[in-house]
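>>> Sharing a sequence plus its predicted fold:
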Amino acid sequence: MLDESSPLFTGILRKAPTVPKFYIRHLPVTTEVAHKVGVEFAGYPKFLAEITFEREGGRHILTLSAREGVLHSAFRSRIKPITVREGHMLRCEFIVRERHWVDGRDSASVHLELGDHAFAQEVREWKLGKMLAYQYATQHQAILTPVVESFAV
């Protein structure tokens, strides 16, 4: 099944969702505790990885660069991440408060460069369109709820 484009006037003629939903395909984490809790608790596709913010001697996954801005504090927000485990689509709720963050809505302010890693190739196959917005947070607090909905797929 191929994805279809969103309706042209989403958010104008049709109300945009107040709580964004997103699908998590890969989720690297740096500790065994984060890995175990995420996989067993909510079915996240987590894997252990060393995460750095510079190129290493290994294969390059991606580089995301954005124009700097003034960091500020934000109100609490809710996001509904979706994962798939054992033939069921699972939805949790992720409550986040970015303590120091900046966002941008100018596509010229952000650039995504994909590398030669298999994950980068997978992202290329998604045929992402124009970047509409970005967020960067240097500090945040988050609460992940247990699974609140489950649907057979």
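Sure thing, it's come through.

>>> the strands in the protein, which residues?
21-23, 27-29, 46-48, 62-66, 77-85, 88-91, 94-104, 110-114, 134-144, 149-152 (DSSP state E).

>>> number of nearby residues for the spatially closest residue to Leu48 that is not a sequence neighbour?
The spatially closest residue to Leu48, leaving aside those adjacent along the chain, is His35, at 5.4 Å (Cβ to Cβ, 6 or more residues apart in numbering). All C-beta spots, glycine's among them, are computed from the backbone N, C-alpha and C. Here the number of neighbours of His35 (other Cβ atoms under 10 Å) works out to 18.

>>> Which secondary structure elements does the helix ranked longest in the chain sit against?
When the chain is parsed with DSSP state H, its longest helix is helix 32-42. In terms of contacts (3 or more Cβ pairs under 8 Å, 6 or more residues apart in numbering; DSSP states H and E), helix 32-42 is packed against strand 27-29, strand 46-48.

>>> who touches that helix?
27, 29, 44, 46-48, 81, 83, 90, 92, 144, 146-147 (Cβ atoms under 8 Å, 6 or more residues apart in numbering).

>>> Quick one: buried ones out of those residues?
Applying 16 or more other Cβ atoms under 10 Å to the contacts of helix 32-42, the neighbour count classes 27, 29, 44, 46, 81, 83, 90, 92, 144 as buried.

>>> Quick check: the last one touching Val96?
No - taking Cβ atoms under 8 Å as the contact criterion, Leu144 and Val96 are not neighbours in contact, 9.6 Å apart.

>>> Is Ile61 in contact with His117, as I believe?
Yes - counting by Cβ under 8 Å, His117 is a contact partner of Ile61 at 4.3 Å.

>>> Name the residue in the two with the higher neighbour count.
Regarding Ile61 and His117, a neighbour count based on other Cβ under 10 Å identifies Ile61 as having more, with 18 against 14.

>>> can you count the residues close to Gly69?
If you count neighbours by other Cβ under 10 Å, Gly69 ends up with 12.
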